[in-house]
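> Prediction below, plus the sequence it came from.
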Amino acid sequence: MKKNHCLIIFLILVLLLAACKPDQPSQDLKPITLNLTYIPNVQFAPYFVGIEKGFFAEVGLDVKLVYGNEADMIALVGAGKEQFMIASGEQILMARGQGLPVVSVANWYADYPVGVTAFKEANIKTAADLKGKSIGLPGLFGASYIGFEALARSANLSDSDYSLNSIGFTQVESLVTGQVDAVVVYIANEPIQLEARGYEVDVIKVADSVDLVGNCLVTNENSIAKESELVKAMSQAVIKSIRYTAENPEESFEICKKHVENLSTLSEEDLEIQRQVMLASIGIWQLEPLNHADQLQKWENMQSLLLELGLLQEKQDVEGAFSDAFDR
Amino acid sequence: MTNQAGKDNKPKPSFRKSQLLRGLYALGSLLILLAVWQLLFALLKLPAFILPSPKMVWDKFMIILLDGTWWHHLSWTLLEIFLGLLIGSLSAMLIGYGLSKVPALERLMAPFLVGSSSLPMVAVAPLLIIWFGAGLGSKVLICALTVFFPVLVNVLVGLRETPRELHELMRSLNASPWQRLSLLEFPAALPVLLGGLRVGTTLSVIGAIVGELVSSDRGLGFLINVGRGQFDTALVFVAVLSLIFMASVLYYGVLLLERRALAWQTWRKDSL
């Protein structure tokens, strides 16, 4: 009886130890962690493509992708505990406002990816139509909140003109079950999910009203000062991966299946929705480097918004928040 | 004497019958739950991404079971829980024993311990991940902290409940500190200690999931995030049901351990 117990405990230990077997690092390549925030998703296709097509390896990097909260990750990059991540423009300025020396070194999104979606019958076609409506958003934080505030201000709406409801990441469910009139969404995700399931929706894009900084490749000032070659290599590999994905969407989607958990086990219908999400994402990517003046304007717009919202206490030199020395 | 003791330890027919009844009740309630679920699915006609049917969930479970995904994630969460339980309960036992030996220190620490036991782990987890990284270590730490307080409180209560006359008896027999611990204090505190471990075990599951939901690339919490992100609610159900199953198995595992470890306390048998 005791022997049986020992055997069971031994087997459990062996299985658990097998669970913590580390990945073998590639030889002669510099191991680099890239924090993507969120979870593995087809929207991150360029990074999976970069790994699988060897674009990171070409520049001597062995990139490991990790996922987690954007605000937590940016603190790690700012503190120098991590070197690279993907973050939205407002996070970069807010982190810099807190003394974290993070810098955008390549633009991934050309447009701010946030918008407001409602069913067609709700007749919410412009930002002004949001007056008197209940609007659901994940919470009073992050790109969704910033994007919504930018949109509302563009239509001269104030907080008393609408009711904001923190609904977590349940925008599709909340809209479908009628809990809110409209939801703040990522324009390349939730509207596609809704339309694919037969719902007719209108989308009001933040980018149509105000030009803000979307997702960027971010590092810290220390890495730029001491390892500029590494920053250049990483930026170039990311840009190459973005372009390749945009030019080869079908191949890229197949590559996603290796990296996005559960993708291969989705039904045909759900798999097609994921493909549509990836294609819609490509539409908002920055495929050619932006000139300095346009970039500066985007950062200035973002700073003005954050100052108005009280999320930045004082004006900063936005030239320090981005660098265009690495993406061209 | 030994034969008599062995005889007493054998489950009586009435005990077996009650165990069988308990099992039947559990099976019955499970069937009722499935029937209500299926009925709701049929009546409400909600899209599958809001409420999938039991069959959809079962099909998803079979897919990820057969392709190895289920075990890949479950084993990781289990590893976090086992390490968290081990570190959390051992450190609670050591610190609890130390505090019980220095009453002044215990009084000093009591407000801190009471306050810390109500620590909302969901608020602290992101900080722990920032400080200790997004890997296994931070999840184990979150688990260990979740387990630590209930076990610590139970160790203190258990040691305090040791009858004073038995302490005096040990003193009169000139027992060494080790003899006092192994022959009196530990056995006396064991029922309360194992009760704390039982609570800690289920809490450790919550601890592991909180950590994984905040940041992870593996584990059942990660699988929940993936399901949510892909509107694959059947996958979310599989992960949540797996968690319930895992927590139940762990709970009954500790209960079994409790039953075995306390078999000598014949007066407690019926209450276990």
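Great, that's in hand.
> any chance you could map the strands in chain A?
A:30-35, A:61-66, A:84-88, A:102-107, A:114-119, A:134-137, A:163-166, A:182-186, A:201-205, A:215-220 (DSSP state E).
> Could I get those in TSV, plus columns for mean pLDDT and distance to chain B?
For every residue, glycine as well, the C-beta is placed using N, CA and C. Shown next, in TSV, are these (pLDDT from 0 to 100; distance: least, Cβ to the nearest Cβ, whole Å):
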stretch	mean pLDDT	distance to chain B
strand A:30-35	93	8
strand A:61-66	93	6
strand A:84-88	95	12
strand A:102-107	96	14
strand A:114-119	96	14
strand A:134-137	94	15
strand A:163-166	92	15
strand A:182-186	96	11
strand A:201-205	96	15
strand A:215-220	96	15
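> would you turn those strands into TSV with mean neighbour count and distance to B:F245?
Formatted as TSV, the strands of chain A follow (neighbours: other Cβ atoms under 10 Å in any protein chain shown; distance: least, Cβ to Cβ, whole Å):
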stretch	mean neighbour count	distance to B:F245
strand A:30-35	18	32
strand A:61-66	19	28
strand A:84-88	26	36
strand A:102-107	25	42
strand A:114-119	24	37
strand A:134-137	21	33
strand A:163-166	14	31
strand A:182-186	27	34
strand A:201-205	20	38
strand A:215-220	26	38
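> so what are the domain limits for the chain?
Looking at chain A here, since you left the chain open. A:30-111+A:213-321, A:114-208 (automatic domain parsing).
> That was the other one, I meant chain B.
Domain ranges of chain B: B:1-45, B:52-271, per automatic domain parsing.
> who's in contact with residue 70?
In the absence of a named chain, this looks at chain A. Residues near A:E70 by Cβ atoms under 8 Å, 6 or more residues apart in numbering or on different chains: A:T37, A:Y38, A:M85, A:A87, A:S88, A:Q91, A:G142.
> actually chain B
Contacts of B:W70 by Cβ under 8 Å, 6+ apart are B:F61, B:I64, B:V238, B:S242.
> And B:G221, how close does it get to B:E212?
B:G221 sits 3 Å away from B:E212 when distances are taken as Cβ to Cβ, to the nearest Å.
> joint contacts of these two?
Residues within reach of B:G221 and of B:E212 at once, by Cβ under 8 Å, 6+ apart, are B:T77.
> Out of the contacts of B:W70, which sit inside strands?
With DSSP E as the criterion, strands contain none of these.
> Quick check, pLDDT for the closest residue to chain A within the stretch 101-250 of chain B.
Going by Cβ to the nearest Cβ, chain A is nearest to B:S215 of the stretch 101-250 of chain B, at 3.1 Å. Among the per-residue scores, B:S215 holds a pLDDT of 80.
> and it, how many neighbours?
B:S215 has 27 neighbours, counted by other Cβ atoms under 10 Å in any protein chain shown.
> Tell me which residues touch it, please.
Listed by Cβ under 8 Å, 6+ apart, the contact partners of B:S215 are A:V66, A:Y67, A:G68, A:N69, A:D72, B:P126, B:I129, B:A134, B:S138.
> From chain B, how far off is the second one?
When you say that, I think you mean A:Y67. Here A:Y67 is placed at a distance of 6 Å from chain B (Cβ to the nearest Cβ, to the nearest Å).
> What pLDDT does the model give residue 144?
Picked chain A for this. In this model, A:S144 is scored at 92, pLDDT.
> that answer is for a different chain, and I need it for chain B
With respect to pLDDT, B:A144 scores 93.
> Number of residues surrounding the closest residue to A:V206 other than its chain neighbours?
With sequence-adjacent residues excluded and distances taken as Cβ to Cβ, 6 or more residues apart in numbering or on different chains, A:V206 is closest to A:G147, at 4.3 Å. Per other Cβ under 10 Å, the neighbour tally for A:G147 reads 30.
> ditto for the one 4 residues further on
Taking other Cβ under 10 Å as the neighbour definition, A:L151 ends up with a count of 25.
> And it, what's its pLDDT?
94.
> The stretch 1-150 of chain B against chain A: which residues are in contact?
With Cβ under 8 Å from any Cβ of the partner chain as the criterion, the stretch 1-150 of chain B meets chain A at residues B:47, B:49-50, B:60, B:63-64, B:67, B:69, B:72, B:75-76, B:78-79, B:82, B:126, B:129-130, B:133-134, B:136.
> quick one: low-confidence ranges for the chain?
Answering for chain A, as no chain was given. The model of chain A has pLDDT under 70 over residues A:1-27.
> wrong one, chain B
Scanning chain B for pLDDT under 70 picks out B:1-15, B:265-272.
> So for the most centrally placed residue in it, what's the nearest residue that isn't a sequence neighbour?
The centre of chain B sits closest to B:T201, judged by Cα atoms, centre = their mean, with a distance of 1.3 Å. Distance criterion Cβ to Cβ, 6+ apart; nearest residue to B:T201, sequence neighbours excluded, is B:L250 at 4.7 Å.
> Spit out the contact partners of that neighbour.
Neighbouring residues of B:L250 by Cβ under 8 Å, 6+ apart: B:I81, B:T201, B:T202, B:S204, B:V205.
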